[in-house]
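S.K.: got a structure for you, letters missing:
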Ligand code: NCD
């Protein structure tokens, strides 16, 4: 069985297969309206979400399936202290596939280890957001005609922005990708992505201080919101919240073919005056999210009993050492009765298996 917890759970071929199916759904929508008749999707959202949850719901409904679930953990047995594992074991009896969003990093991974139905990670803490990545890849493909050989600028909160982490990982499978990172000092891309993904897999990246110096060479500008809810201190948030704002004047510096993406919601990092620019692709991106989730649901259920489509065997070497401890308070191993597990990344740094935080 295949789950989608991290973008690299899908092979490059599987990723492209899902994107191709989404493109077919766009063209032949009427052929897919009964595809999921009799099937149910459970949306278990332990963290607020409007577009991702509605996108999943709408995707399943367009396929002729049904949706159940919760969007506020307080209204579920979680408020009685039920673990993620137990919730998933129970819900697997009621649904054919589960989409889970959780503020605790590694929660969907733990869920996938006990589930008898496919689990889709709809965002875990600041860690991963693989269905946004599929949305972004489909959007790049539709907007530019290709994903290989692009220069992409990531701007804003590269530290807490899980969509950025997941997209960079997925882009490492394509050739000729150049990444430009535009972030305030305190919101720079985590080292584990720079070292394990960019350095190890050969993505060339450069960090710059201003949007103005990056924008002229970009094919894609990926704007992000500063993730207020991940800050422990409001003053720290206030200091960086207005760091980079895209406006019509900056758009004048960009190529006529450059496209602007944003996972949304936006706060003030893109002024509304940019919306009318044909290069603003972020509202088209939302619709692509629905099509790609339709394709993903179809494929995960098609592949459920297919031995050709299994979860990848972790390439990391696990380290058995009782003296090690993950210090991320938002990691599943510090929130539920989960045995800590560590691996040595390519650069010999020991990291937590559930949240990738550096341990030693
Ligand atoms: C993103 C998320 O939840 O990480 N939104 C989304 O899924 N569309 C980005 C964000 O919240 O800033």
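M.R.: That came through fine. Everything numeric in this text was worked out from a predicted model, so none of it was measured.
S.K.: Residue 156 touches residue 225, doesn't it?
M.R.: Yes - using Cβ atoms under 8 Å, residue 156 makes contact with residue 225 at a distance of 6.6 Å. (Glycine included, C-beta is placed from N, CA and C.)
S.K.: Between the two, which is the more surrounded one?
M.R.: residue 156 (30 against 20; other Cβ atoms under 10 Å).
S.K.: residues in contact with that one?
M.R.: 182, 183, 187, 223, 224, 225, 226, 243, 244, 269 (Cβ atoms under 8 Å, 6 or more residues apart in numbering).
S.K.: returning to that earlier point: tell me, what's touching residue 156 and residue 225 both at once?
M.R.: Listed as contacting both residue 156 and residue 225 by Cβ under 8 Å, 6+ apart are residue 269.
S.K.: and residue 158, what helix or strand is that in?
M.R.: Using DSSP states H and E, residue 158 sits within no helix or strand.
S.K.: Per-residue pLDDT of whichever residue of the stretch 251-360 of the chain sits closest to the ligand, please?
M.R.: Of all residues in the stretch 251-360 of the chain, the one sitting closest to the ligand is residue 263 (4.0 Å; Cβ to the nearest ligand atom). Predicted confidence (pLDDT) at residue 263: the value is 96.
S.K.: Just the buried residues of whichever helix in the chain runs longest, please?
M.R.: Taking DSSP state H as the criterion, the chain has its longest helix at helix 282-302. Buried positions in helix 282-302, judged by neighbour count with 16 or more other Cβ atoms under 10 Å: 282, 285-286, 288-301.
S.K.: buried residues in stretch 317-329?
M.R.: With the criterion 16+ other Cβ under 10 Å, stretch 317-329 contains buried residues 326, 328.
S.K.: Apologies, that question was intended for stretch 59-79.
M.R.: Those would be 59-63, 65-67, 69-71, 73, 76, 78, for stretch 59-79 by 16+ other Cβ under 10 Å.
S.K.: Filter these down to the ones in helices?
M.R.: Per DSSP H, the subset of those in helices is 59, 60, 61, 62.
S.K.: Would you check that the last one makes contact with residue 287?
M.R.: In this case it means residue 62. No - distance between residue 62 and residue 287: 11.5 Å, which falls outside the contact criterion (Cβ under 8 Å).
S.K.: ok, so what distance separates residue 345 from residue 358?
M.R.: Per Cβ to Cβ, to the nearest Å, residue 345 is found 9 Å from residue 358.
S.K.: again, but for residue 165
M.R.: For residue 165, the distance to residue 358 - Cβ to Cβ - is 14 Å.
S.K.: between those two, which one's more packed in?
M.R.: Neighbours per residue, other Cβ under 10 Å: of residue 165 and residue 358, the larger number sits with residue 165, 26 against 16.
S.K.: Tell me the residues of the stretch 51-200 of the chain that contact the ligand?
M.R.: 51, 52, 123, 129, 132, 162, 163 (Cβ under 6 Å from any ligand atom).
S.K.: Who is the closest residue to residue 10 other than its chain neighbours paired with across the strands?
M.R.: Of all residues not flanking residue 10 in the chain, residue 4 sits nearest, at 6.6 Å (Cβ to Cβ, 6 or more residues apart in numbering). Per DSSP bridges, the residues bridged to residue 4 are residue 120.
S.K.: Around residue 4, how many other residues sit close by?
M.R.: By other Cβ under 10 Å, the burial measure for residue 4, its neighbour count, is 27.
S.K.: can you give me the helices in the stretch 51-200 of the chain?
M.R.: For the stretch 51-200 of the chain, the helices defined by DSSP state H, counting those that start in this stretch occupy 51-62, 84-91, 107-114, 130-144, 162-171, 191-192, 200-201.
S.K.: Tell me the secondary structure at the nearest residue to residue 95 once chain neighbours are set aside.
M.R.: In space, and not counting its chain neighbours, residue 95 is closest to residue 42: 3.6 Å by Cβ to Cβ, 6+ apart. Residue 42 falls in the strand class when you classify it by DSSP: H, G, I helix; E, B strand; the rest coil.
S.K.: With the one 5 residues further on instead?
M.R.: At residue 47 the chain is in coil, as set by three-state DSSP.
S.K.: Great, nothing more from me.
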